[in-house]
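Trainee: kindly generate the corresponding structure for this input.
(2 chains)
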2 protein chains.
Amino acid sequence: MNLPLKKAATKLNELTACEIVAAIDGGRTTCEAVVRACLDHIQLREPAVQAWQYLDREQAIGQAIALDKSGKRGPLLGVPFGIKDIIDTSDMPTEYGSPIYKGNQPRNEAACVALGRKAGGVLMGKTVTTEFANRHPGKTKNPFDPARTPGGSSSGSAAAVGDCMVPLAIGTQTTGSTIRPASFCGAFGYRPTWGDLRLSGVREAAGSLDTLGLIARSVDDLALYRDVLLGVKPEPVPEHTGPLRVGFCRTHVWPQVEPYTQKLLEGAAQTLARAGMQVRDVELPADFERLLDAHLAISSFEFSRNFAYEIEHHWDKISATLRENRLKSGLECSFERYREARAFAAQCRRAFADVVKDFDVLLTASATGEAPVGLNTTGNANNCLIWTTLHVPTVTMPVFKGPHGLPVGAQIIGKADGDRALFAAARRIYQALA
Amino acid sequence: MNLPLKKAATKLNELTACEIVAAIDGGRTTCEAVVRACLDHIQLREPAVQAWQYLDREQAIGQAIALDKSGKRGPLLGVPFGIKDIIDTSDMPTEYGSPIYKGNQPRNEAACVALGRKAGGVLMGKTVTTEFANRHPGKTKNPFDPARTPGGSSSGSAAAVGDCMVPLAIGTQTTGSTIRPASFCGAFGYRPTWGDLRLSGVREAAGSLDTLGLIARSVDDLALYRDVLLGVKPEPVPEHTGPLRVGFCRTHVWPQVEPYTQKLLEGAAQTLARAGMQVRDVELPADFERLLDAHLAISSFEFSRNFAYEIEHHWDKISATLRENRLKSGLECSFERYREARAFAAQCRRAFADVVKDFDVLLTASATGEAPVGLNTTGNANNCLIWTTLHVPTVTMPVFKGPHGLPVGAQIIGKADGDRALFAAARRIYQALA
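Mentor: Residues are numbered from 1 along each chain as shown, chains lettered A, B, ... in the order given. Sure, this is the predicted structure:
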């Protein structure tokens, strides 16, 4: 096997998706070279990071060579991507992070996988998920410190992108499963407006909260990937013009945020103000505190119904973590409580439109701080849960370092259906903070 | 093989689910006897009706014998049911009505299947669906006249229940795929409030419109089945007390409704008034007419993304009907048009709450009339499409006969989240009309 020179390979695997497409389009590299560079980096780093549940080197190279030969064009041409292993693939197993589905090979392929491939992307493999995208962790370690969690549930997707194994990966988010691991792994993460990106072929956790989550290494890559997965012609994110109105929103879970993260965010708010943005504090209505309980009722009720087959037939193969938390609370939750929670969430969504009406975006924490030490939990998701339940789009960007030199993200919150405006604002904020 | 006497068998297969559960619970029959009675009737009638995509007689009897031996109790104990073949089953193939998935055997099982079995129901087999729950018909014929359509897309589920092959079946509805075939096949059909019943393991058509649809032979059976699929302890539907306020709603598609159906419904409104109900005409806001276009944009946009894999890899195995209608319009629909349609639908949902605030339910047509002659189309779904897009629950009840003596349903519309109140009202209306 002829490996490219180490130096060149390192460069190619560090490119963003937009850079790869431009380089291939300009004849400066090939799909095969990019894929080989990523595979070489994976080979080097996978023993420490363990981001991949399934990876077939020859299959990936085969796809890349076929693309080079075909002369095909596409908005993701030659861009290697990874898919969280709760998402069905027609030519790779899908095990949902559970021993119940060891070796499971679906016949159909999720919409998000097919759309990515249609755009010229190269599916490298399946990234590690926690058990059924819930809390029980998989094998992945934080790429910046193997003693720390990568976050979850999109653990492998975040670690693979953060470690420059692939420029793009898909995760999902029902609580904080994309934003939090992206923050812990030094990547950009994006949770879209609920309902925009199709979930066909994605194992449902709690449908009224689930979305795909995209992980990348730039805001422009997130926007490009979103357009591909919407099945529309990609359009560059426009520049935000005029003064950017940023609401600094500590939220009611601020006391759970590490003091150093609080300081980093407060410093960032000042930096943005100095850069000419209109930064003001904004408070969520007091009753939004109840969103934590509402989210628990909604997600647990739905989760425990969605997994009726596994509960009935494979109880002994379900982790104690899942059995004793999500499933127990779900099976104990009445339909009245569930519906009350759903109604409360809908009411908060309407109220939130009023909260943000004088702002372009909000600025808040992506997670409590650096990835915590230990591989048994995936960390506190409360900084994400609010926005997930509100169905609004959010982006996390790797702009801070914590006391151990590990990545800490800043989370930018947009308005429902305002995903492109969010990208425009996030890019400007990144330029000011990075 | 010892078949039960024809008379007894005929009786058992004609029982409702509630009657079966009571009879087994009271020791008057067994799960095995019920299942054998249904199988015998299927054997007799299937050559003409062709409701089943997959049926394994011995497997069904085996499940019933095991239930009898186990001494298990459950709210659906011994009740045979059928499942539309776009819903995954762990021990029967799932082909989605498409040659692309011939022989496809999923590993997992849809939530609705597992919840039905957990309650003691006996899964008899998979009922015929149109191709991917869209328009291209399967092999099923109308049980009352084999020259006529059973309706679609839940063709086999409606035909099997209408013909007394099983007392319960699950379909789905994205436009009119449960209410219309139930009306054509003389069954009770129920489309729930959008979002209540989990769709895990159900092939997505257009997620922001899709729901399960239940088909049965009484309102009480629909309510029982709903509770089972919600994963809650079944509670009898309460009596509606006080005067029932019924809005007679012709809708803007009234000119498409056959004159005899118009007369039947107008007569029914008078009958209900004579029975002491408060019946008043009610008009939908004029702009609700645009819901037809909005539904087309939403369903086509989502459908064409959800089937990206099949479009890319199996275009030649997709019917011309699907390619040239739903997929073509979906691929041509811009994201802006799609989102505008979604926003308009959300606005109509809010407006509809105001329309119905002084009524308990609305009364309208389930379909244009009797099932039309011909097996190439599944009929006009416009009488259902409005309510589907409004996300409100509806029930169709077989209360009329058309000019050829074939069943014609009356559709009762409830309020979002008012499913049990809808059942209570529907039962009273049925008593008055039947």
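Trainee: spatially nearest residue to A:Ala48 (excluding sequence neighbours)?
Mentor: A:Pro146 (5.5 Å; Cβ to Cβ, 6 or more residues apart in numbering or on different chains). C-beta here means a position set from N, CA and C on the backbone, and glycine is covered the same way.
Trainee: gap between that neighbour and chain B?
Mentor: 33 Å (Cβ to the nearest Cβ, to the nearest Å).
Trainee: residues near that residue, how many?
Mentor: For A:Pro146, the neighbour count with other Cβ atoms under 10 Å in any protein chain shown is 14.
Trainee: check the gap between it and A:Leu375 for me.
Mentor: Distance check for A:Pro146 against A:Leu375: by Cβ to Cβ, to the nearest Å, it reads 9 Å.
Trainee: list the contacts of stretch A:49-57.
Mentor: Contact with stretch A:49-57 is made by A:39, A:42-43, A:46, A:82, A:85, A:92-93, A:95, A:97, A:124-129, A:138-141, A:143, A:146, A:150, A:155-157, A:159-160, A:163, A:165, as judged by Cβ atoms under 8 Å, 6 or more residues apart in numbering or on different chains.
Trainee: where does the prediction get shaky in the stretch 301-434 of chain A?
Mentor: Scanning the stretch 301-434 of chain A for pLDDT under 70 picks out nothing.
Trainee: contact residues of it facing chain B?
Mentor: With Cβ under 8 Å from any Cβ of the partner chain as the criterion, the stretch 301-434 of chain A meets chain B at residues A:302, A:304-313, A:331, A:334-335, A:339, A:342-343, A:417.
Trainee: filter those down to the ones in helices?
Mentor: Members of those lying in helices (criterion: DSSP state H): A:302, A:304-306, A:308-313, A:331, A:335, A:339, A:342-343.
Trainee: which of the residues you listed count as buried?
Mentor: A:Glu302, A:Ser304, A:Arg305, A:Asn306, A:Ala308, A:Tyr309, A:Glu310, A:Ile311, A:Arg339, A:Arg342 (16 or more other Cβ atoms under 10 Å in any protein chain shown).
Trainee: which of these sits closest to A:Ala381?
Mentor: Of all these, A:Ala381 sits closest to A:Glu302, with 16.6 Å by Cβ to Cβ.
Trainee: re earlier: present the buried ones among the ones in helices among the residues of the stretch 301-434 of chain A next to chain B as CSV; the columns should include distance to A:Thr364.
Mentor: Output for these, formatted as CSV (distance: Cβ to Cβ, whole Å):
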residue, distance to A:Thr364
A:Glu302, 26
A:Ser304, 30
A:Arg305, 32
A:Asn306, 30
A:Ala308, 36
A:Tyr309, 38
A:Glu310, 35
A:Ile311, 36
A:Arg339, 29
A:Arg342, 24
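Trainee: tell me which residue lies nearest the centroid of chain A.
Mentor: A:Thr178 (2.8 Å; Cα atoms, centre = their mean).
Trainee: re earlier: how close does the residue nearest to A:Ala48 get to B:Gln105?
Mentor: Using Cβ to Cβ, we find A:Pro146 at a distance of 40 Å from B:Gln105.
Trainee: tell me the residues of the stretch 101-250 of chain A that contact chain B?
Mentor: Near chain B, when you scan the stretch 101-250 of chain A using Cβ under 8 Å from any Cβ, you find A:101, A:104, A:106-111, A:113-115, A:117-118, A:195, A:198-201, A:203-204, A:207-208, A:230-232.
Trainee: hmm, 7 Å instead?
Mentor: A:101, A:104, A:107-109, A:111, A:114-115, A:118, A:195, A:198-200, A:204, A:207-208, A:230-232 (Cβ under 7 Å from any Cβ of the partner chain).
Trainee: take those residues and keep only those in strands.
Mentor: Among those, DSSP state E puts none in strands.
Trainee: I'd assumed A:Phe248 was in contact with A:Leu272.
Mentor: No: under the criterion of Cβ atoms under 7 Å, A:Leu272 is not in contact with A:Phe248, lying 8.6 Å apart.
Trainee: shared neighbours of the two, which are they?
Mentor: Residues within reach of A:Leu272 and of A:Phe248 at once, by Cβ atoms under 7 Å, 6 or more residues apart in numbering or on different chains, are A:Val279.
Trainee: drop anything exposed from the contacts of stretch A:49-57.
Mentor: So, by 16+ other Cβ under 10 Å, the buried ones in the contacts of stretch A:49-57 are A:39, A:42, A:46, A:82, A:85, A:92-93, A:95, A:97, A:124-129, A:138, A:140-141, A:143, A:150, A:155-157, A:159-160, A:163, A:165.
Trainee: A:Asp68 against A:Thr30, yeah?
Mentor: Yes: A:Asp68 lies in contact with A:Thr30 (Cβ under 7 Å); the separation is 5.0 Å.
Trainee: and which of the buried ones among the ones in helices among the residues of the stretch 301-434 of chain A next to chain B is nearest A:Arg73?
Mentor: Closest to A:Arg73, out of all of these and judged by Cβ to Cβ, is A:Asn306, at 39.4 Å.
Trainee: I'd guessed that closest one sits against B:Arg198; true?
Mentor: Yes: under the criterion of Cβ under 7 Å, A:Asn306 makes contact with B:Arg198 at 5.2 Å.
Trainee: mind listing the shared neighbours of those two?
Mentor: B:Ala111.
Trainee: A:Ile215: neighbour count?
Mentor: 34.
Trainee: that one belongs to a strand, doesn't it?
Mentor: Yes: A:Ile215 sits within a strand when classified using DSSP: H, G, I helix; E, B strand; the rest coil.
Trainee: from chain B, how far off is A:Thr16?
Mentor: 23 Å.
Trainee: same check, this time on A:Ala424
Mentor: Noted for A:Ala424: a distance of 17 Å to chain B, by Cβ to the nearest Cβ.
Trainee: surely that residue is in a helix?
Mentor: Yes: according to three-state DSSP, A:Ala424 belongs to a helix.
Trainee: not counting sequence-adjacent ones, nearest residue to it?
Mentor: Per Cβ to Cβ, 6+ apart, closest to A:Ala424 is A:His240, 4.1 Å.
Trainee: could you give the number of residues near that neighbour?
Mentor: Look at A:His240: counted by other Cβ under 10 Å, it has 19 neighbours.
Trainee: how about the strands in the stretch 251-400 of chain A?
Mentor: A:278-281, A:361-365, A:394-401 (DSSP state E, counting those that start in this stretch).
Trainee: ok, the shortest one: who's next to it in the sheet?
Mentor: Put plainly, it is strand A:278-281. The pairing partners recorded for strand A:278-281 under DSSP bridges are strand A:245-248 (parallel).
Trainee: what of the second one?
Mentor: Taking DSSP bridges as the criterion, strand A:361-365 forms sheet pairs with strand A:245-248 (parallel), strand A:407-413 (antiparallel).
Trainee: mind listing what A:Gly151 touches?
Mentor: Counted by Cβ under 7 Å, 6+ apart, A:Gly151 has contacts A:Ala158, A:Arg180, A:Pro181, A:Phe184, A:Cys185, A:Ala371, A:Thr378, A:Gly379.
Trainee: can you tell me which of those residues are buried?
Mentor: For the contacts of A:Gly151, buried by 16+ other Cβ under 10 Å: A:Ala158, A:Arg180, A:Pro181, A:Phe184, A:Cys185, A:Ala371, A:Thr378, A:Gly379.
Trainee: which of those sits closest to chain B?
Mentor: Nearest to chain B, judged by Cβ to the nearest Cβ, of the buried ones among the contacts of A:Gly151 is A:Thr378 at 22.4 Å.
Trainee: what's around the closest residue to the closest one other than its chain neighbours, how many residues?
Mentor: Nearest non-adjacent residue to A:Thr378, counting by Cβ to Cβ, 6+ apart: A:Gly152, 3.2 Å away. Applying other Cβ under 10 Å, we find 31 residues neighbouring A:Gly152.
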